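> Task: produce atomic coordinates for the following.
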Amino acid sequence: MAAAAAHPVDMHDDDDIDMGDEGIAAMDVHAAAAPSLVAAAAASAPPGASAGSSSSASSSSAPSFTPLSSTAGVRTTDAETRQIRVPSNRFTPLREQWESIMRPLVEHMRLQVRFNPKTRCVEMRNGKSTEDSGALTKAEEFVSAFMCGFEVRDAIALLRLEDLRVESFDVTDVKTLRGDHLSRAIGRIAGMGGKTKFAIENATRTRIVVADAKVHILGAYANIQVARDAVCSLILGSPPGKIYNQMRNVAARIGQRY
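Residues are numbered from 1 along each chain as shown. So this is what the prediction gives:
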């Protein structure tokens, strides 16, 4: 303790100033080295790394393409063909209405159509004048709907509207029926003079064909569901009066929607 008191530490303001000068000198050295480091980094960076130069260069060198036409992407070199077999019960109606079937396919859809008597099939294919890439698919749906039993004026809507389709099911898929029970179920679907079928068609804006034990429904997806539920209820034994009340409610709801 005495030795420590004999030699006191003398702290002066000049010593503090000297230490501050040394720190400032070291900071000056680092500040002088900073520009050289920045220059070296800029020299080693790849060309186009700066945001301003890259954006201006990309905007000036960006290629411009003209918009494609509706027929530019259609491949007409590879001809596609479709065949629809004609049932024996539709051979005579096809022969009688061949012109009304062929005319929209050839004049509007620009397809090549013929009937092959050896295979009893309607053959279609696209050509160089076909503009719509989905023309062949629409034509196949149109001819298939006619083969199911729909009239030409109803089936031709498949060529004009995109959201129409045909749904088919068997009466025995709903309920296993045989003999007279099957005949009565089919009779309930049609009704007296077709009254029940017409009521369902008018209420749901669909077209229904009952061919033997098969039921074909043409219309929009939502409307087909409503018509199918009504037909299934008739097959299961619901009285026609109940279906009429349901169809009146459906017609009012669809009328409000549209």
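> Next, please give the residue ranges for the strands of the stretch 151-258 of the chain.
In order along the chain, the stretch 151-258 of the chain carries the following strands (DSSP state E, counting those that start in this stretch): 164-170, 207-211, 214-220.
> Figure out which of those is closest to E96.
E96 sits nearest to strand 207-211 of all the strands of the stretch 151-258 of the chain, at 17.6 Å, using CB to CB. For every residue, glycine as well, the C-beta is placed using N, CA and C.
> and the angle from that closest one to strand 164-170?
30 degrees (axes from the mean of the first three to the mean of the last three CA atoms, to 10 degrees).
> average pLDDT for strand 207-211?
What strand 207-211 shows for mean pLDDT is 95.
> Check the offset of that strand from the chain's centre.
Taking CA atoms, centre = their mean, to the nearest Å, one finds strand 207-211 lying 27 Å from the centre of the chain it belongs to.
> List the strands paired with it, with their directions.
strand 214-220 (antiparallel) (DSSP bridges).
> burial measure for I208, as a count.
Neighbour count of I208, defined by other CB atoms under 10 Å: 25.
> ok, now T66?
T66: 6 neighbours (other CB under 10 Å).
> ok, now E151?
There are 14 residues near E151, going by other CB under 10 Å.
> Also T92?
9.
> List of residues touching the helix or strand harbouring it?
Assigned by DSSP states H and E, T92 belongs to helix 91-96. Residues outside helix 91-96 that contact it (CB atoms under 8 Å, 6 or more residues apart in numbering): V86, I101, F115, R120, V122, F146, M147.
> at 7 Å instead, please
V86 (CB atoms under 7 Å, 6 or more residues apart in numbering).
> C-terminal to it, what's the next element?
Following helix 91-96 in sequence, per DSSP H and E, is helix 98-103.
> Sheet-wise, list the partners of whichever helix or strand comes after that next one with their directions.
Following helix 98-103 in sequence order, the next helix or strand is strand 111-116 (DSSP H and E). Applying DSSP bridges, strand 111-116 is found paired with strand 121-126 (antiparallel).
> Which positions within the strand it pairs with qualify as buried?
For strand 121-126, a neighbour-count test (16 or more other CB atoms under 10 Å) marks V122, M124, R125, N126 as buried.
> now do stretch 143-153
Here stretch 143-153 shows V143, S144, A145, F146, M147, C148, G149, F150 as buried, counting by 16+ other CB under 10 Å.
> Switch the residues you listed over to TSV; also include secondary structure.
As requested, those are exported to TSV (DSSP: H, G, I helix; E, B strand; the rest coil):
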residue	secondary structure
V143	helix
S144	helix
A145	helix
F146	helix
M147	helix
C148	helix
G149	coil
F150	coil
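> Quick check: the farthest pair among those residues?
In terms of CB to CB, those reach their longest pairwise distance at V143 and G149, which sit 12.6 Å apart.
> what's next to the host helix or strand of K138, contact-wise?
According to DSSP H and E, K138 maps onto helix 135-148. For helix 135-148, contacts defined as CB under 7 Å, 6+ apart pick out 80, 82, 84, 86-87, 90, 101, 105, 109-111, 122, 124, 126, 152, 155-156, 158-159, 166, 168, 209, 211, 216, 218.
> For D170, see how far away K214 is.
6 Å (CB to CB, to the nearest Å).
> Quick check on those two: which one has the bigger neighbour count.
The neighbour comparison of K214 against D170 (other CB under 10 Å) goes to K214, with 16 against 10.
> I'd say V113 and E107 touch.
No: V113 is beyond contact range of E107, at 10.8 Å (criterion: CB atoms under 7 Å).
> Of those two, which one has the most company?
V113 (18 against 9).
> what sits against that one?
M102, L105, V106, V122, M124.
> In those residues, find the pair that's most separated.
Between any two of those (CB to CB), the greatest distance is 12.6 Å, for V106 and V122.
> re the thing from before, quickly name whichever of the buried residues of strand 121-126 is closest to A190.
V122 (28.5 Å).
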